[in-house]
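Peer 1: Here you go, sequence then predicted model.
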Protein chains: 2
Amino acid sequence: MAKTVEIKKSVMAADEKIAEKIRSVSREKGILIINLIGSPGAGKTSVLEATYKAADFRFAVIEGDIATTRDAERIALLGVPAVQINTHGGCHLEANLVESAFNELDLDSLDVIFIENVGNLVCPVEFDLGEDYKVAVNSIPEGSDKPLKYPHLFHKAGAVLLTKLDLLPYISFDKELFESDVFKLNPRVSLIEMVPVQGKGIEEWVRLVKGWLEEKRR
Amino acid sequence: MAKTVEIKKSVMAADEKIAEKIRSVSREKGILIINLIGSPGAGKTSVLEATYKAADFRFAVIEGDIATTRDAERIALLGVPAVQINTHGGCHLEANLVESAFNELDLDSLDVIFIENVGNLVCPVEFDLGEDYKVAVNSIPEGSDKPLKYPHLFHKAGAVLLTKLDLLPYISFDKELFESDVFKLNPRVSLIEMVPVQGKGIEEWVRLVKGWLEEKRR
């Protein structure tokens, strides 16, 4: 087993080098990279669709999925540049996959790249994709106990998007508990309540992203 | 990379031997083992709570979580034997963890063991825990596109439990599409519609489990 761990480490080190390369390209081009992480159906693609309607920055999307190209098709329908990565069973994106998607994008025409990771609250957290921020996407129906049960993502996130707030009347969800647990894990995180399909919370989200972009270019 | 793959294979082979051992104990004792797999918040623990109210077989629960002992506490409250396994970040259960949980249970007083896997629609699918059946737990708010986007679990499952059906009026979910995609991936699977907290679908589920148990003991 010790041997496995060593090799895993060296694979991760190679991955970190690629992540560093991505970071250096994004610094040079002044592009902000955001890694969206959440369970299947948390609303990641819907957040991106709503972002398109409100954003005054130029962005592209890298879509990670195990199978199908549905999410990339949803994004491309808007006229937003979208690159699909299929992991063929893999539970998370890795930096080398993101790097290869970079080659498909016209980086000089972009302000922000959103990476929509594979639907999974666990594995994607451990992998550095060269992003500026990880953003947790969590939906009301998943339950208010999720921050403590899946603490790693909430601990590392630059923002938490709490989606599907319109379902609150029909679901037993303790919003105070959710919020206090999130801030226990990560006192400085931005927590935004959202109903992406209704546009609720999207302006606040777009403002946050724009602030991050300006900070990066300063 | 080839070396990593080889070592991964040998670790998985060791795991398969333990899974085989679990299977041989469960055969000898006439215990049915069911591995529940679904996203965070799909309703796995609620299904088990509802099962307790309707079941006329004796069962125990092995709870897999990354952190916290909340789900095991929910189950133990009912008086059902519950063993918690914390993976400390690990995204799935492995057979050796299940084997160690076996030592905490009085196998002679049990008909069924439910394993509630870590909330994750991806990784747990690949790991044989010595179970008789994998069961997919999928909730309405996750969206009707999930079978094709996460095909591996649906392909291998003995049953699919479609939970939180009471939210259907408030959510855009194409039930016909979901069902036809599930049967495309797995024509012989049992698909049960459920509202666990209201008891809806639970009798059908208990009948299915009992049928599997009788078949195993025949």
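Peer 2: Yep, that arrived.
Peer 1: Spell out which parts of chain A neighbour chain B.
Peer 2: Within reach of chain B by Cβ under 8 Å from any Cβ of the partner chain, chain A has these residues: A:1, A:3-4, A:7-8, A:11, A:39-41, A:65-68, A:70, A:89, A:91, A:118-123, A:126, A:139, A:141-143, A:145-146, A:148-152, A:164, A:166-167, A:170-171. For glycine as for every other residue, the C-beta is placed from the backbone atoms N, C-alpha and C.
Peer 1: Which residue comes closest to A:T69 once chain neighbours are left out?
Peer 2: Spatially, and ignoring its direct neighbours in sequence, A:T69 is nearest to A:Q84 (4.6 Å; Cβ to Cβ, 6 or more residues apart in numbering or on different chains).
Peer 1: Now do the strands in chain A.
Peer 2: If DSSP state E is used as the criterion, the strands of chain A fall at A:32-38, A:59-65, A:82-86, A:112-116, A:133-139, A:159-163, A:190-193.
Peer 1: quick revisit: could you measure from the residue nearest to A:T69 over to B:K44?
Peer 2: In this view, A:Q84 and B:K44 are 30 Å apart by Cβ to Cβ, to the nearest Å.
Peer 1: what about those two, which has more around it?
Peer 2: Taking other Cβ atoms under 10 Å in any protein chain shown, A:Q84 and B:K44 do not tie; B:K44 has more neighbours (27 against 20).
Peer 1: Tell me where chain A is predicted with low confidence.
Peer 2: A:1-11 (pLDDT under 70).
Peer 1: swap the cut-off to 50 and go again
Peer 2: For chain A, applying pLDDT under 50 flags the ranges A:1-5.
Peer 1: Please enumerate the helices of it.
Peer 2: Using DSSP state H, the helices of chain A run over A:2-29, A:44-54, A:70-76, A:95-102, A:146-149, A:151-156, A:175-185, A:202-217.
Peer 1: which of the residues in the second one are buried?
Peer 2: Neighbour-count burial for helix A:44-54, with 16 or more other Cβ atoms under 10 Å in any protein chain shown as criterion, is recorded at A:44-52.
Peer 1: can I get those residues in CSV with distance to B:L208?
Peer 2: CSV is the format used below for the buried residues of helix A:44-54 (distance: Cβ to Cβ, whole Å):
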residue, distance to B:L208
A:K44, 33
A:T45, 34
A:S46, 34
A:V47, 37
A:L48, 39
A:E49, 38
A:A50, 40
A:T51, 43
A:Y52, 44
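Peer 1: from these, which is closest to A:L208?
Peer 2: A:T51 (10.9 Å; Cβ to Cβ).
Peer 1: In contact with the residue nearest the centre of chain A, which residues?
Peer 2: For chain A, the residue nearest the mean C-alpha position is A:L36 (0.7 Å; Cα atoms, centre = their mean). By Cβ atoms under 8 Å, 6 or more residues apart in numbering or on different chains, the residues touching A:L36 are A:44, A:47-48, A:114-117, A:135, A:137.
Peer 1: How about the contacts made by the nearest residue to A:S46 once chain neighbours are set aside?
Peer 2: Once flanking residues are discounted, A:S46 sits nearest to A:P196: 4.0 Å by Cβ to Cβ, 6+ apart. Taking Cβ under 8 Å, 6+ apart, we find A:P196 in contact with A:43, A:46-47, A:49-50, A:163, A:202.
Peer 1: which one of these is nearest B:E28?
Peer 2: Looking across the contacts of A:P196 and measuring by Cβ to Cβ, the closest to B:E28 is A:G43, at 46.8 Å.
Peer 1: ok, the spatially closest residue to that closest one that is not a sequence neighbour - how many residues close by?
Peer 2: Of all residues not flanking A:G43 in the chain, A:T163 sits nearest, at 3.9 Å (Cβ to Cβ, 6+ apart). A:T163: 29 surrounding residues under other Cβ under 10 Å.
Peer 1: Please apply the same query to A:D174.
Peer 2: Around A:D174 there are 12 residues (other Cβ under 10 Å).
Peer 1: ok, it touching A:K146?
Peer 2: No. Counting by Cβ atoms under 8 Å, A:D174 does not reach A:K146; the two are 11.3 Å apart.
Peer 1: For the residue nearest to A:T87 when sequence neighbours are not counted, list the residues it contacts.
Peer 2: Among residues not flanking A:T87 along the chain, A:I66 sits closest, at 5.5 Å (Cβ to Cβ, 6+ apart). Shown in contact with A:I66 (Cβ under 8 Å, 6+ apart): A:86-91, A:118, B:122, B:149-152.
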